[in-house]
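**Q** Sequence below, structure please.
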Amino acid sequence: MISIEGLFYQYNDQRKISFPDFSIPQGAHWLLLGQSGSGKTTLLHLLGGLLKSQSGRIKVNDVDLTQLSESGFDRFRGKHYGFIFQKNHLISALSVKNNLLMAPFLAGLKQDESRISEVLGQLDLSDKKNSKIKELSHGQAQRVAIARAVLNKPAVILADEPTSALDDNNCDRVIELLLQASRHNNATLIVATHDQRLKSKIKNQLYL
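**A** As a prediction, this is how the structure comes out:
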């Protein structure tokens with residue numbers, strides 16, 4: 001499903017990060033672990049096409065991402081990826097429904113309100129469909145961000161430090177929601193984190 005080979009990234013300050021070769025099957029759940037500066041977020045951004053690698057190969061569903069044009073990658077990313085960041089990047093003045101409608105629109109896919117209702121139901125947010133983001137609690141907004149990430153039934157969900165700012169109860173809730181959402185969609189889940197609490201939740205782990 002996902003494989004990398006000979007991959008490295010070099011920043012302008014000449015700091016070069018090399019990554020081990022690995023492969024992840026469809027539907028698997030993995031943690032990316034390591035100290036700050038080890039390259040967890042960099043690898044996540046390379047896998048998602050938010051950074052362009054200088055060397056190496058990244059393959060997703062037998063597509064070599066390093067060979068895609070910028071516009072081709074935009075289309076591929078919109079159809080096959082869901083992203084979850086530490087900050088939710090939702091539009092606070094819009095309703096939950098309208099925030100979610102943007103996901104298929106930006107990916108060039110059909111906007112399907114029944115799919116929105118389905119995903120909100122899975123995340124216990126059905127009663128918040130028409131609420132503004134600014135009216136939600138932090139935890140509810142985080143669940144909306146998860147809903148947005150899985151709405152297009154992505155093959156890959158990439159999460160960057162989704163629990164590091166949360167207390168134990170909310171940490172458990174968020175990671176369980178991520179696992180549940182990925183199982184519903186048979187999506188490959190990759191979580192970059194330094195949060196040691198997640199090690200008991202996801203057994204497959206890659207140390208950088």
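
**Q** Strands of the chain, residue ranges please.
**A** 2-10, 16-18, 22-24, 29-33, 55-60, 63-64, 81-84, 156-160, 188-192, 204-207 (DSSP state E).

**Q** Relative to S71, which of these is closest?
**A** strand 63-64 (14.6 Å; CB to CB). All C-beta atoms are positioned from the backbone trio N, CA, C, and that covers glycine.

**Q** Identify each buried residue in stretch 47-58, please.
**A** 47-50, 53, 56, 58 (16 or more other CB atoms under 10 Å).

**Q** Next, the contact list for S38, please.
**A** Residues near S38 by CB atoms under 8 Å, 6 or more residues apart in numbering: 17, 208.

**Q** could you redo the last one with a cut-off of 10 Å?
**A** Listed by CB atoms under 10 Å, 6 or more residues apart in numbering, the contact set of S38 reads 17, 32, 192, 194, 207-208.

**Q** where's the residue nearest to A187 when sequence neighbours are not counted relative to V63, distance?
**A** Spatial nearest neighbour of A187, excluding adjacent residues (CB to CB, 6 or more residues apart in numbering): I157 at 4.9 Å. Distance, I157 to V63, by CB to CB, to the nearest Å: 17 Å.

**Q** With neighbour numbers in mind, choose between these two.
**A** I157 (22 against 14; other CB atoms under 10 Å).

**Q** Please name the bridge partners of that one.
**A** G82, L189 (DSSP bridges).

**Q** you'd agree it is up against F83?
**A** Yes. In this structure, I157 is within contact of F83 by CB atoms under 10 Å, at 7.9 Å.

**Q** what do those two both touch?
**A** Listed as contacting both I157 and F83 by CB under 10 Å, 6+ apart are A149.

**Q** max-length helix in the chain?
**A** Longest helix of the chain, by residue count under DSSP state H: helix 168-185.

**Q** List the buried residues of that helix.
**A** 171-172, 174-175, 177-178, 181-182, 185.

**Q** Just the CA trace of that helix, in PDB.
**A** Output in PDB follows, covering the C-alpha atoms of helix 168-185 (Å, rounded to 0.1, in the frame of the first residue of the first chain):
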ATOM      1  CA  ASP A 168      -5.400  11.600  29.300                       C
ATOM      2  CA  ASN A 169      -9.100  11.200  28.900                       C
ATOM      3  CA  ASN A 170      -9.300  13.300  25.700                       C
ATOM      4  CA  CYS A 171      -6.100  11.600  24.400                       C
ATOM      5  CA  ASP A 172      -7.800   8.200  24.700                       C
ATOM      6  CA  ARG A 173     -11.000   9.500  23.100                       C
ATOM      7  CA  VAL A 174      -9.200  11.100  20.100                       C
ATOM      8  CA  ILE A 175      -7.000   8.100  19.300                       C
ATOM      9  CA  GLU A 176     -10.000   5.700  19.600                       C
ATOM     10  CA  LEU A 177     -12.000   7.900  17.200                       C
ATOM     11  CA  LEU A 178      -9.100   7.900  14.700                       C
ATOM     12  CA  LEU A 179      -8.800   4.100  14.900                       C
ATOM     13  CA  GLN A 180     -12.600   3.700  14.500                       C
ATOM     14  CA  ALA A 181     -12.700   6.100  11.600                       C
ATOM     15  CA  SER A 182      -9.900   4.300   9.800                       C
ATOM     16  CA  ARG A 183     -11.500   0.900  10.400                       C
ATOM     17  CA  HIS A 184     -14.800   2.200   9.000                       C
ATOM     18  CA  ASN A 185     -13.000   3.200   5.700                       C
END
